[in-house]
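Participant: sequence-free structure coming up:
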């Protein structure tokens, strides 16, 4: 059983609250999404959850244990993170980056075992980068880096996976494959997403952030409404239930008086 709880979480800097009194839960095996406009506090909240930022108020609990009383190593045994953009200012191969996911489970002098190597091979294949194993990480495209970081999270064998825009840089095929993979892990998952249609399809529940505060939360069909999108995002949209998936589908509408132009080309015989 792995349950994440954030209690009245706040983080501020320079006299400004980036996260303001957020309370959320992600139950065992649940995939919970954070959505909201740019600057709403999604990334800051995730950093408070996985420990790179210390909240100025409140606490984060994993199965009742306060994460900010743990060492970084102890947290890493239980939480894997997939950041929005992986740094590439180091000379490691893809295989070496993925193998780093085993570090929290080993003493610093321990060598990788055959079991570790098997976990790395399986993870590389699972995210579709097995053929890139010996490539240098800095040489990868943004999408390839993202999949490599997802493989690193897999070999970490965490109880909780925290992902910040895991579909960043990915084409639609890999967006769907990565999010399906996250759902199939059996872990508790907390992820920030910009794409509301992906959030509706893959998340059990959604928290909507605006100005660092939670302004709505619940199942996608209850949260994603035309009224909320107008209030939070300042856009007009039609929200309907998709006949195949049964989940909300958002279609954005241009402002009144602004319509897409269609360039007509002459037909040739």
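Facilitator: Arrived safely, thanks for sending. Keep in mind it's a predicted model, so treat the numbers as computed, not measured. Numbers count the residues shown, from 1 in each chain.

Participant: Which strand or helix spans the residue nearest in space to the middle of the chain?
Facilitator: For the chain, the residue nearest the mean C-alpha position is residue 163 (2.5 Å; Cα atoms, centre = their mean). In the assignment (DSSP states H and E), residue 163 maps to strand 160-164.

Participant: pLDDT on that strand, on average?
Facilitator: The pLDDT scores in strand 160-164 average 96.

Participant: quick one: buried residues of that strand?
Facilitator: 160, 161, 162, 163, 164 (16 or more other Cβ atoms under 10 Å). From N, CA and C alone the C-beta is placed, and that goes for glycine too.

Participant: ok, now stretch 20-38?
Facilitator: Applying 16+ other Cβ under 10 Å to stretch 20-38 flags 20, 22, 24, 25, 26, 30, 31, 32, 33, 34, 35, 36 as buried.

Participant: Also stretch 188-202?
Facilitator: 188-193, 195-202.

Participant: how about these, which pair is most distant?
Facilitator: Farthest apart among those by Cβ to Cβ are 188 and 197. That separation is 22.8 Å.

Participant: gap between the two ends of stretch 52-59?
Facilitator: 14 Å (Cα to Cα, to the nearest Å).

Participant: Ignore what I typed, I meant stretch 203-218.
Facilitator: Termini of stretch 203-218 sit 10 Å apart (Cα to Cα).

Participant: what's the answer for stretch 42-57, then?
Facilitator: OK, stretch 42-57 end separation, Cα to Cα: 17 Å.

Participant: for stretch 161-168, same thing?
Facilitator: Stretch 161-168 has an end-to-end distance of 16 Å (Cα to Cα).

Participant: any chance you could map the helices in the stretch 151-269 of the chain?
Facilitator: 172-184, 196-202, 220-223, 226-232 (DSSP state H, counting those that start in this stretch).

Participant: picking up where we left off before, out of the buried residues of stretch 20-38, which are inside strands?
Facilitator: 20, 22, 24, 25, 26, 31, 32, 33, 34, 35 (DSSP state E).

Participant: can those go into a markdown table with extra columns for distance to residue 53 and pLDDT?
Facilitator: Formatted as a markdown table, those follow (distance: Cβ to Cβ, whole Å; pLDDT from 0 to 100):
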| residue | distance to residue 53 | pLDDT |
| --- | --- | --- |
| 20 | 14 | 96 |
| 22 | 13 | 97 |
| 24 | 16 | 97 |
| 25 | 20 | 97 |
| 26 | 18 | 97 |
| 31 | 23 | 97 |
| 32 | 19 | 98 |
| 33 | 20 | 98 |
| 34 | 15 | 98 |
| 35 | 20 | 98 |
